[in-house]
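Participant: This is the structure alone, sequence omitted:
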């Protein structure tokens with residue numbers, strides 16, 4: 001039996017990779033304008049990092065992590081999200097020493113053992129940014145602006161920013177107490193997941209998409225009524241900054257995010273054309289995460305955007321993605337005697353920055369021209385007995401059909417000029 005890819009994973013094929021690379025490069029370009037630098041962390045970490053950082057009552061830690069013992073009998077887990085690893089790297093490498101504000105972005109794979117569905121995989125890609133050292137509402141607004149600009153640059157339309165404040169350890173406990181009491185009055189109306197977590201993680205009920213839970217939530221206490229003065233002032237300032245930046249937002253009391261480390265600002269981006277599962281990313285503030293994993297108190301805020309969902313949004317909204325042919329020039333080889341000089345000419349073209357491929361199977365000219373067309377090559381360079389005798393290649397423009405003879409010694413320079421023009 002032929003081996004298949006594991007359930008919940010997929011291959012990103014060459015025909016798709018250009019879109020992924022374009023999204024990744026757009027992230028690098030946009031986030032770079034905000035002063036963010038790329039950071040790369042291990043794909044696996046000590047399991048304790050996620051238990052303490054993400055939260056031991058979250059679905060991620062309880063049910064979704066790929067956790068195993070290594071050969072040293074240490075419990076390690078494939079990273080289910082990126083923030084905890086970036087915080088760990090910041091603390092371990094003492095990056096805050098002497099720094100005012102640190103800004104990082106990352107692009108990489110995450111892993112969660114969840115039920116695969118459209119745009120949601122067990123191995124998935126995220127692009128995210130994290131900022132450390134500032135508790136100012138202004139940096140909350142900057143983080144949101146960076147995400148908003150990223151989506152706008154990609155050309156994603158019908159974008160909605162959902163914004164909320166989830167309080168802090170001073171004001172949130174009373175709300176959680178009252179929400180738990182309210183949930184107990186409606187246990188028979190909750191879905192199985194929310195029934196199981198109504199005491200351990202009751203705020204997750206607020207972002208449940210099940211119809212029965214939505215009906216219960218409609219009359220639940222609102223966290224905005226419980227915010228302390230400091231949290232309310234912080235939230236008001238975030239909104240004021242967003243107004244100044246002319247970024248529209250929708251105050252949404254049900255945006256709570258799924259991880260325990262969030263406090264105060266929480267937000268989510270949704271896009272049209274994706275149906276009910278329309279979230280394409282989100283984030284928030286996590287001022288206590290560094291302490292949770294054994295470091296010194298360090299305010300932080302960031303977001304993670306799902307690249308799989310972004311790709312689906314681009315397709316659903318018919319966004320034109322810039323693409324380039326895999327090769328600029330295709331060299332045909334007409335006869336065994338032509339291979340040595342063709343291989344040499346191909347190397348010279350490549351060393352001059354010309355994307356080049358050539359025939360290796362000894363087929364006829366017609367079959368080789370079909371391959372050149374399939375590769376969308378701009379030019380075909382034909383090398384046969386006549387060309388070898390004259391030390392000059394026959395160059396065909398695949399758009400116009402025009403042909404010209406170019407000396408072997410000048411071929412790389414001439415083709416570079418043609419490609420650049």
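Facilitator: That came through, no problem. Since we're looking at a predicted model, the values are computed, not measured.
Participant: Assign a three-state SS to residue 381, would you?
Facilitator: Assigned with DSSP: H, G, I helix; E, B strand; the rest coil, residue 381 falls in the strand class.
Participant: where in the protein is pLDDT low?
Facilitator: Along the chain, segments meeting pLDDT under 70 span 56-57, 119, 257-260.
Participant: longest helix of it?
Facilitator: Scanning the chain for the longest helix, with DSSP state H as the assignment, gives helix 14-33.
Participant: Other residues contacting it?
Facilitator: With contact meaning C-beta atoms under 8 Å, 6 or more residues apart in numbering, helix 14-33 is reached by 12, 38, 105, 107, 125, 127, 129, 146, 149-150, 153-154, 307, 310-311, 314, 321-324, 326. Just so you know, the C-beta spots here come from the backbone N, C-alpha and C atoms, and that holds for glycine as well.
Participant: Kindly recompute the last result at 6 Å.
Facilitator: 105, 107, 127, 129, 149-150, 153-154, 310, 321, 323 (C-beta atoms under 6 Å, 6 or more residues apart in numbering).
Participant: May I ask which two of those are separated the most?
Facilitator: 129 and 323 (26.6 Å; C-beta to C-beta).
Participant: Name the residue in the two with the higher neighbour count.
Facilitator: Between residue 129 and residue 323, counted using other C-beta atoms under 10 Å, residue 129 has the larger neighbour count: 28 against 11.
Participant: how far does the longest helix of the chain sit from the chain's center?
Facilitator: Relative to its parent chain, helix 14-33 has a centroid offset of 9 Å by C-alpha atoms, centre = their mean, to the nearest Å.
Participant: and what of stretch 133-142?
Facilitator: 22 Å.
Participant: how about that stretch: buried residues?
Facilitator: Neighbour counts over stretch 133-142 (16 or more other C-beta atoms under 10 Å) mark 133-134, 136-137, 139-142 as buried.
Participant: Reformat those into JSON lines and put distance to residue 178 and secondary structure next to each item.
Facilitator: Putting those into JSON lines (distance: C-beta to C-beta, whole Å; DSSP: H, G, I helix; E, B strand; the rest coil) gives the following:
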{"residue": "133", "distance to residue 178": "34", "secondary structure": "coil"}
{"residue": "134", "distance to residue 178": "32", "secondary structure": "coil"}
{"residue": "136", "distance to residue 178": "30", "secondary structure": "coil"}
{"residue": "137", "distance to residue 178": "26", "secondary structure": "helix"}
{"residue": "139", "distance to residue 178": "31", "secondary structure": "helix"}
{"residue": "140", "distance to residue 178": "26", "secondary structure": "helix"}
{"residue": "141", "distance to residue 178": "30", "secondary structure": "helix"}
{"residue": "142", "distance to residue 178": "33", "secondary structure": "helix"}
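Participant: Determine which two of the residues you listed are furthest apart.
Facilitator: Farthest pair in the buried residues of stretch 133-142, by C-beta to C-beta: 133 and 141, 16.2 Å.
Participant: Do a quick rundown of the helices in the stretch 251-400 of the chain.
Facilitator: Along the stretch 251-400 of the chain, counting by DSSP state H, counting those that start in this stretch, helices occupy 289-292, 307-316, 339-351, 365-374, 385-390.
Participant: how about the longest one: buried residues?
Facilitator: Of the residues in helix 339-351, those with enough neighbours to count as buried (16+ other C-beta under 10 Å) are 339, 341-342, 345-346, 348-349.
Participant: on that earlier part again, relative to helix 307-316, how tilted is the longest helix of the chain?
Facilitator: Angular relation of helix 14-33 and helix 307-316 on a 0 to 180 degree scale: 110 degrees, by axes from the mean of the first three to the mean of the last three C-alpha atoms, to 10 degrees.
Participant: what are the pairing partners of the helix or strand that helix 14-33 is followed by, and which direction each?
Facilitator: Once the chain leaves helix 14-33, the next helix or strand it forms, by DSSP states H and E, is strand 37-38. Here strand 37-38 has these sheet partners by DSSP bridges: strand 102-111 (parallel).
Participant: Give the buried residues for the strand it pairs with.
Facilitator: Within strand 102-111, judged by 16+ other C-beta under 10 Å, the buried ones are 102-108, 110-111.
Participant: Packing partners of the strand or helix carrying residue 239?
Facilitator: Residue 239 is part of helix 229-244 when elements are defined by DSSP H and E. Packing contacts for helix 229-244, counted by 3 or more C-beta pairs under 6 Å, 6 or more residues apart in numbering; DSSP states H and E, involve helix 137-154, strand 263-271.
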